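> Predicted coordinates and the sequence they were generated for:
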Amino acid sequence: MPQEPFSTLPVELLHSISRLSDAAELRSLLLVNRHLNEVLTPLLYNTIHIEDSVTAQKCIRTLSRDRSELACGRDLPTLVRDLEVSFNHWGMPAGPKTKLARRLSRALGRMTNLQHLVFTAAYFCSPKAFAAIAHAAAPSLRSLKLTPQSEQHWADSSEPSVLDGIRPTFSELSSVTFSMWDDMPLCWMDLLKHILTDRAAHLREITIKDYHRLHLSRLFRNSPAWSSLVELTLEVRSVPFDLLPATPNVRTLSISGASGGEYSWEGVAIPPDAFAKLETLECPYQLLPAFLPADAQRQRPIRTVRLDDALYDEDGGEGDYAHGAQPDWDDVSKVLSCLPRSAGPVTDLSIYIDWFDAEECWDDVAQHLTTLERLVIVFFQDPGNYDRFGDWGETLLAHTPRLHTLLLSDAPIKTNGSELAFMFAWDRRVHLTWLAEWDQHTDALRKVAFTTEFMWTKTERGWEAPAEKDEESDDDEEDEYQRRDWGEESEGSVIFEG
């Protein structure tokens, strides 16, 4: 009897082939014969990202079916290891929405091997759905990203009492992200506090997004130490530092969120023993002095400082900044005077400012930046007197002998509708003039950008940058953009309906 195609190939080789296949090709491989279907189906369902309502209905319908109704009698939910439920429900009628929510709970209740869950879809993150997760995935779940919904948004008509007594032990959970609304019911608050308390000694990453100080106070009050925590992210208006659990091993701390009104970052005091091993700090500029106070007996070993979400994406993206804010250079420059206090020392600094005068900006600041190896400046608008950038060799680089990377970002300018970005962004001749002047004051500089469009790199041949794009190539890119089939599902979100 002839053997089925591929039946003699090692399973490991088939897995390697499947990983090189796109979604459509993997579906086709599954249909070749029973052997390939059995071997590759687990790979198809290993990672499922449900990011649109069409995919949601197809996928959840399949996953919620009884195994007797599916090909080969497999229990498909048990194959899922990584699940993201983040689709937009808008436009979906109430009846189908309710049916879909109930099917989702049935599917979640059978995902006994789930390791990573992102559950942020409005109307679907309900008590019934979470009870199903707790029942099935508590022993296996390693990371959880949750956006609990308020009662009026529960599509499956859940009752708050469903969560009464639901206190799962997530024995492998090490990373959590909670996004909380102002009107979040207490049943959710109690559950989230249970998770943070029960796993306090084991969590390594915590992210909390909340704009209600009372939520944070309730979550943190009387909590045991987060003794294994390495990374903490708080996207909030105000941080109750006095209520935070002990964080003896946190290396990375990120704090963001608009202040104003009754909330302010000014005058915040941080317990001296908090974040004793902190190495990377991302925060509003007003908080920096609180982490490096002048009267501290022992300073934190901070090496990387990123103020007001300032980010330059060296891989070609636009980076980031604190949207809605325009920090004043005079204010930012004052807090930079505390950088030398770090026990790090600080070698990587990113700042976001509204504007400064390029001729006079470093007069009283460069002396505080002597340990820097990388500097990023994100501008809300064109700097003044930018034709004096050449002077930075004497005013900045002569004082920063280890600075090898200097990046200027015009991302906010482009976000606000300017097609030209910095006025000097494309003037490569001028760039080279400035770089030549800088080279007279430093041998360390290796990477420079005057825009997010491209970057200069110093090689044995001198300063080099990518070739300029011509209009024809831009047209080709636009044509490709218009040719894309935006209805296709993203890779990893393929649905194989048995």
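Received the coordinates, thanks.
> Quick check: which ranges of the stretch 101-250 of the chain have low pLDDT?
By pLDDT under 70, the low-scoring segments of the stretch 101-250 of the chain are 211-214.
> give me that answer again for 90
Within the stretch 101-250 of the chain, the ranges that satisfy pLDDT under 90 run 121-123, 148-161, 163-166, 180-187, 189, 210-223, 236-243.
> From residue 354, how far off is residue 330?
Relative to residue 354, residue 330 is positioned 10 Å away (Cβ to Cβ, to the nearest Å). Where you see a C-beta, it was placed from the backbone N, CA and C, and this is true even at glycine.
> Compare those two and say which one has the larger neighbour count.
Neighbour count, other Cβ atoms under 10 Å: between residue 330 and residue 354, residue 354 has more, with 15 against 9.
> What sits closest to that one if chain neighbours are left out?
Setting aside the residues directly before and after it, residue 354 is nearest to residue 326 in space (Cβ to Cβ, 6 or more residues apart in numbering), at 3.8 Å.
> any idea which helix or strand carries that neighbour?
Take DSSP states H and E as the rule and residue 326 turns out to sit in neither a helix nor a strand.
> quick one: contacts for residue 88?
By Cβ atoms under 8 Å, 6 or more residues apart in numbering, the residues touching residue 88 are 52-53, 121-122.
> mind redoing it with 7 Å?
Neighbouring residues of residue 88 by Cβ atoms under 7 Å, 6 or more residues apart in numbering: 52-53.
> Shouldn't it be within a strand?
No. Secondary structure assignment (DSSP: H, G, I helix; E, B strand; the rest coil) places residue 88 in coil, not in a strand.
> Quick one: neighbours of residue 244, just the number.
The burial metric for residue 244, expressed as a neighbour count using other Cβ under 10 Å, is 20.
> do the same with residue 115
The burial count assigned to residue 115 is 17, neighbours taken as other Cβ under 10 Å.
> Check residue 73 too.
By other Cβ under 10 Å, neighbour count at residue 73 equals 10.
> so what's it closest to, chain neighbours aside?
Leaving out its chain neighbours, residue 73 is closest to residue 67 (Cβ to Cβ, 6+ apart), at 5.4 Å.
> Tell me the spacing between the one you found and residue 453.
54 Å.
> same check, this time on residue 239
When distances are taken as Cβ to Cβ, residue 239 and residue 453 turn out to be 36 Å apart.
> Can you point out the buried residues in stretch 132-148?
Counting neighbours by 16 or more other Cβ atoms under 10 Å, one finds that the buried residues in stretch 132-148 are 132-134, 136-138, 140-148.
> does residue 233 sit in a helix or strand, and which one?
Of the helices and strands defined by DSSP H and E, residue 233 is found in strand 231-235.
> What are the contacting residues of that strand?
By Cβ under 7 Å, 6+ apart, strand 231-235 touches 204-209, 247, 250-257.
> Filter those down to the buried ones.
Among those, the ones that count as buried by 16+ other Cβ under 10 Å are 204-209, 247, 250-257.
> Cross-reference these with the strands and report the matches.
The strands, defined by DSSP state E, take in 205-209, 252-256 from the buried ones among the contacts of strand 231-235.
> Extract the residue ranges of the stretch 251-400 of the chain that are flagged as low pLDDT.
Across the stretch 251-400 of the chain, residues meeting the criterion (pLDDT under 90) sit at 256-269, 315-319, 323-326, 359-360, 363.
> which residue ranges form the strands in it?
Counting by DSSP state E, counting those that start in this stretch, the stretch 251-400 of the chain forms strands over residues 252-256, 280-283, 304-307, 348-353, 374-379, given from the N-terminal end onward.
> Serialize those to TSV and add fields for distance to residue 35.
As requested, the strands of the stretch 251-400 of the chain are exported to TSV (distance: least, Cβ to Cβ, whole Å):
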stretch	distance to residue 35
strand 252-256	47
strand 280-283	49
strand 304-307	51
strand 348-353	52
strand 374-379	53
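> Residue 239 and residue 453 - which one has more neighbours?
More crowded of residue 239 and residue 453, by other Cβ under 10 Å: residue 239, with 22 against 18.
> Now do the contacts for the nearest residue to residue 244 once chain neighbours are set aside.
For residue 244, the nearest residue in space outside its immediate sequence neighbours is residue 220; the separation is 5.6 Å by Cβ to Cβ, 6+ apart. Residue 220 makes contacts with 240, 243-245, as judged by Cβ under 7 Å, 6+ apart.
> can you put the residues you listed in CSV and add distance to residue 103?
CSV is the format used below for the contacts of residue 220 (distance: Cβ to Cβ, whole Å):
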residue, distance to residue 103
240, 40
243, 40
244, 40
245, 38
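> can you tell me which of the residues you listed lies nearest to residue 461?
Of all those, the one sitting nearest residue 461 is residue 244; the distance, using Cβ to Cβ, is 52.0 Å.
> Phi and psi next, for the closest one.
In this entry, residue 244 is assigned phi and psi values of phi -60, psi 140 (degrees, to the nearest 10).
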